[in-house]
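Undergrad: model the structure of this input:
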Amino acid sequence: MSLLHTLARAAMALALATPAAMAADGTAPPAERTVDEMVEQLATRPATTTRGLRNLVPVVRQIDLVVPFDFDSARLQAASRPQLQRLAEAMNSPRLVATRFKVQGHTDAKGAAAYNDDLSARRARAVADFLQTQGVTVDRLQAEGKGASELLDPARPESPDNRRVRIVAMEPTP
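TA: Numbers count the residues shown, from 1 in each chain. Now for the predicted structure:
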């Protein structure tokens, strides 16, 4: 097998890998991340500079989670709970206890945009509500639906990889 053929097969395998199989940041798959890995992913990091102090590049602190829902529903499946319990534990850790979070729901591109916007908002709210039952205070959570506006895999808009919940760390609570 030629080197070019080997590289092409490796590139294809990488392109077909799903977020559940491999995280882009090199961490464990989202469903298997530990509390410590989640804390590290969401904890404050210094901004990087590209040239001097004038061009600060903000570091986005976020995690994409594959959160199973019932079909066409915002009801969490039982399989979602262990991952979300670990997330709540991370959010309540000493390093993150003063941090606020956006809970963003995302859908694939199947169906009407207005329907996907509503479904993603309901799913984000369901995750935020569950996190509250695990001790994350309501003032630290902001749920929002993104619909299909920010696809994880734009080359495959109807891929299930696009159906996810993103947790974004924001500024500390006042």
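Undergrad: how about residues contacting stretch 153-170?
TA: 18-20, 42-44, 60-67, 69, 87, 96, 99-110, 123-124, 127, 142, 146, 148, 151-152 (CB atoms under 8 Å, 6 or more residues apart in numbering). Backbone N, C-alpha and C define where each C-beta goes, glycine included.
Undergrad: give me that answer again for 6 Å
TA: With CB atoms under 6 Å, 6 or more residues apart in numbering as the test, stretch 153-170 has contacts from 18-19, 42, 61-67, 99-102, 104-110, 127, 151-152.
Undergrad: for it, buried residues please.
TA: By neighbour count with 16 or more other CB atoms under 10 Å, stretch 153-170 contains the buried residues 159, 161, 162, 163, 164, 165, 166, 167, 168, 169.
Undergrad: over to stretch 93-106?
TA: Judged by neighbour count using 16+ other CB under 10 Å, the buried positions of stretch 93-106 are 93, 96, 99, 100, 101, 102, 103, 104, 105, 106.
Undergrad: kindly check the end-to-end length of that stretch for me.
TA: Terminal residues of stretch 93-106 are spaced 26 Å apart (CA to CA, to the nearest Å).
Undergrad: now what about that stretch, what contacts it?
TA: Here stretch 93-106 makes contact (CB under 6 Å, 6+ apart) with 39, 42-43, 120, 123-124, 127-128, 140-146, 164-170, 172-173.
Undergrad: tell me where this structure has helices.
TA: Ranges of helices in the chain, per DSSP state H, are 3-16, 35-42, 81-91, 113-133.
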